[in-house]
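> can't give you the sequence, but here's the structure:
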């Protein structure tokens, strides 16, 4: 698929559909897919030279995959933060006063 002009990238429905399809292989929610797609498009618009060369699709896929992994890492860290309070015993006066 040839890439559209830089000015058309943010609104190109074919590019968004392709990126959404790829992102759906790595993240599991529509919100996460949208974030990964938008982040990928933003970087392409800011640095179009990242896609120079004969392997544009591979470069685009690698960029999207990196952001999908970032998204998964963020989700995992949020889940870990939510779990931690369950494992930390509640402090009460008996446990905090010196004996």
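Perfect, thanks for sending it. On a predicted model such as this, the values are computed, not experimentally measured, just so you know.

> And residue 22, how close does it get to residue 15?
According to Cβ to Cβ, to the nearest Å, residue 22 and residue 15 sit 11 Å apart. Where you see a C-beta, it was placed from the backbone N, CA and C, and this is true even at glycine.

> Same question for residue 21.
As for residue 21, its distance to residue 15 is 11 Å (criterion: Cβ to Cβ).

> So these two - more neighbours on which side?
For residue 21 versus residue 15, the count of surrounding residues by other Cβ atoms under 10 Å is larger for residue 15: 20 against 11.

> Tell me which other helices or strands whichever strand or helix holds the more buried one touches.
Using DSSP states H and E, the secondary-structure element containing residue 15 is helix 13-23. Counting by 3 or more Cβ pairs under 8 Å, 6 or more residues apart in numbering; DSSP states H and E, the packing neighbours recorded for helix 13-23 are helix 30-46, helix 56-87.

> For that helix, give the mean pLDDT please.
Confidence over helix 13-23, taken as the mean pLDDT, stands at 93.

> Give me the buried positions along it.
The neighbour-count check on helix 13-23 (16 or more other Cβ atoms under 10 Å) flags 15, 16, 18, 19, 22, 23 as buried.

> where in this structure is pLDDT low?
Low-confidence regions of the chain, defined by pLDDT under 70, span residues 1-10, 73-99.

> and with 80 instead?
Scanning the chain with the threshold set as pLDDT under 80 gives 1-11, 51-54, 72-99.

> So residue 26, which state does it fall into?
In three-state terms, and counting by DSSP: H, G, I helix; E, B strand; the rest coil, residue 26 is coil.
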